[in-house]
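Undergrad: one predicted model, sequence on top.
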Amino acid sequence: MPKIPDQQIRQYVIDCGTRQTPLLRRLREQTLALAEGHMMTTPAAGQLLALLARSIGARRVLEIGTFTGYSALCVADVLPEDGILVACDASEEWTAVARSYWREAGLDDRIELRLGDATRTLEGILAEEGGAGFDFAFIDADKESYDAYYELCLKLVRPGGLICFDNMFWGRSVADPEDMRPETVALRSLNLKIQSDDRVDMSLVPLGDGMTFIRPRTRAGERVTAVGVAA
Ligand SMILES: C[S@@+](CC[C@H](N)C(=O)[O-])C[C@H]1O[C@@H](n2cnc3c(N)ncnc32)[C@H](O)[C@@H]1O
């Protein structure tokens, strides 16, 4: 069988495995023209996040790391009319692009942008409204803060909800024991922590740069199975 290059199968997934609207395509093109365009969530991940949010009936969503708004647009689009996505980012410049697309999509009333350091923002939300008020969280910001985001999201997302992390492979460096860069070390250690954390069900999936899906349990050790997959 001929070897199909990675780029070709990625394009096939975009063409046949996603339902990017013309607006999402335009946002994608505009963002890819930026020097930092590679940071954008992929169409496949955006499509999956929307499917998962809808599958669990998410109404209140947290996003940590918004950039030019691609993933927020995908997920906000599937929320019910009274749903809300709280988008946390530190960049006024990048989120200005996001805002203009959210407005054009008619979804700006379903997305609340919180500008500033995301740890401070999440702590503020927790202090304001207490815990477990969110159904779904997508974490895609600075990697050294991922553990802090994890702990805060375990308080903010209800048991039985869903927390998704992007970039858990960090360019595959987590599997290279010689790579001791701070981001790599932080993610390697978080991967191990999540694996043995009995507060959650989890799966690290080799999708894109590695995505981890986490379901906070309703109580510690909630579901011990015969084969231990969910133990
Ligand atoms: C990988 S991009 C997010 C991509 C986005 N999910 C999308 O759909 O394209 C990471 C974002 O995290 C933001 N960020 C990094 N550190 C942050 C922090 N400490 N607090 C808030 N936002 C932060 C950056 O400004 C950047 O926009």
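TA: Yep, that arrived.
Undergrad: center of the protein, which residue is that?
TA: When the chain is reduced to its mean C-alpha position, the closest residue under CA atoms, centre = their mean turns out to be Phe138, at 2.7 Å.
Undergrad: now do the SS call for it.
TA: Following DSSP: H, G, I helix; E, B strand; the rest coil, Phe138 is assigned to strand.
Undergrad: hmm, it is touching Phe67, no?
TA: No. If you go by CB atoms under 8 Å, Phe138 and Phe67 don't touch, sitting 11.8 Å apart. Where you see a C-beta, it was placed from the backbone N, CA and C, and this is true even at glycine.
Undergrad: any idea how far the ligand is from Glu93?
TA: If you measure Glu93 against the ligand using CB to the nearest ligand atom, to the nearest Å, the figure is 9 Å.
Undergrad: check Ser100 too.
TA: Taking CB to the nearest ligand atom as the criterion, Ser100 is separated from the ligand by 15 Å.
Undergrad: all further residue positions should be reported with the first residue as 28.
TA: Right, with 28 as the first residue, what we last looked at is Ser127.
Undergrad: what about that residue, which helix or strand?
TA: helix 119-131 (DSSP states H and E).
Undergrad: can you give me the buried ones in that helix?
TA: Neighbour-count burial for helix 119-131, with 16 or more other CB atoms under 10 Å as criterion, is recorded at Trp121, Thr122, Val124, Ala125, Arg126, Tyr128, Trp129.
Undergrad: farthest pair within those residues?
TA: Trp121 and Trp129 (12.9 Å; CB to CB).
Undergrad: returning to that earlier point: other SSEs contacting the helix holding Ser127?
TA: Helices and strands in packing contact with helix 119-131 are listed as helix 49-59, helix 97-103, strand 111-116, strand 138-142; criterion 3 or more CB pairs under 8 Å, 6 or more residues apart in numbering; DSSP states H and E.
Undergrad: what's that helix in contact with?
TA: Identification of contacts with helix 119-131 by CB atoms under 8 Å, 6 or more residues apart in numbering yields 50, 53-54, 57-58, 63, 93-96, 99-100, 103, 114, 116, 135, 138, 140, 142.
Undergrad: and the angle from that helix to helix 49-59?
TA: For helix 119-131 and helix 49-59, the angle between their directions (axes from the mean of the first three to the mean of the last three CA atoms, to 10 degrees) works out to 170 degrees.
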